[in-house]
Structures are given as structure tokens and as C-alpha cells.
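Colleague: predicted model and sequence below, questions to follow.
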Amino acid sequence: MAIRTIETSVEVDLGDFEDDELVDELEARGYTVVKSADSGDQRSAILDDAAWRLSRGDVDDALHILARTLGPQFRDLPELVRKRMN
């Protein structure tokens, strides 16, 4: 069976989508989405999200969020925590 790949470019107005649809798509791709605010509020919202994920047992997701939010010195946080848990 032959496979054909077609690439195309499409201009889309983001106004054509509901906010929830965009948020769901970004989160499915591994992004953390927070409503625009000043940087302190945004960081607080991201940390609240990480805490919520931890409370639900989503340890890996929470650790990745913390590692991205807290900066490069914490990028190995998920791996370090997994080593200590084993």
C-alpha cells in the first residue's frame, strides 16, 4: 500500500475557537496554560497547578511543571525525586 504525505499551510483566526478548546489542545501537547496576569500572579498560578496535580497523584506532571517554572537549576528535579522514591 502506497502512503502519500501532503503538507499544507492554513491561516486560522484564533477567534474562531473557544478558549477551552485552545487550552485543551495546548495541555494535550504538554503545555501549562494560565490566564494572563502579572508575572508574580502567573508564577503563583503555575505553582498552584503543580500543587493540585500533586494532590491528585500526578507526581510526574507536577514535577515537570515545577522544573520548568523554577528555572534551569531545577531541570533534573523529576529524575532526582524518582531516585529518592525508589
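Modeller: That came in fine, so what should we check first?
Colleague: I'd like the mean pLDDT over the longest helix that the chain contains, please.
Modeller: For the chain, the longest helix by residue count, based on DSSP state H, is helix 39-55. For helix 39-55, mean pLDDT is 82.
Colleague: after that helix, next one along is what?
Modeller: Moving toward the C-terminus from helix 39-55, the next helix or strand (DSSP states H and E) is helix 59-70.
Colleague: who does that following helix touch, helix- and strand-wise?
Modeller: Applying 3 or more Cβ pairs under 8 Å, 6 or more residues apart in numbering; DSSP states H and E, we find helix 59-70 packed against helix 39-55, helix 77-85. Quick note: C-beta positions are derived from backbone N, CA and C, even for glycine.
Colleague: could you identify which of these is most buried?
Modeller: For the helices and strands packed on helix 59-70, the largest average neighbour count (mean count of other Cβ atoms under 10 Å) is found in helix 39-55, namely a mean of 14.
Colleague: ok so, going back, and the helices and strands packed on helix 59-70 as JSON lines, adding distance to T32?
Modeller: Rendered in JSON lines, the data for these read as follows (distance: least, Cβ to Cβ, whole Å):
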{"stretch": "helix 39-55", "distance to T32": "6"}
{"stretch": "helix 77-85", "distance to T32": "14"}
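Colleague: which one of those helices lies nearest to D20?
Modeller: When the helices and strands packed on helix 59-70 are ranked by proximity to D20, the top entry is helix 39-55, at 16.1 Å, counting by Cβ to Cβ.
Colleague: in this protein, where is pLDDT below threshold?
Modeller: In the predicted model of the chain, residues 1-3, 5, 34-40 satisfy pLDDT under 70.
Colleague: quick one: stretch 4-13 to chain centroid distance?
Modeller: The offset between the C-alpha centroid of stretch 4-13 and the centroid of the whole chain comes to 25 Å, using Cα atoms, centre = their mean, to the nearest Å.
Colleague: first vs last residue of that stretch, how far apart are they?
Modeller: In stretch 4-13, first residue to last residue: 28 Å (Cα to Cα, to the nearest Å).
Colleague: same thing with stretch 25-42?
Modeller: Per Cα to Cα, stretch 25-42 runs 20 Å from first to last residue.
Colleague: begin at 874, not 1, for the rest of this chat.
Modeller: Done: numbering now begins at 874, and the last item shifts to stretch 898-915.
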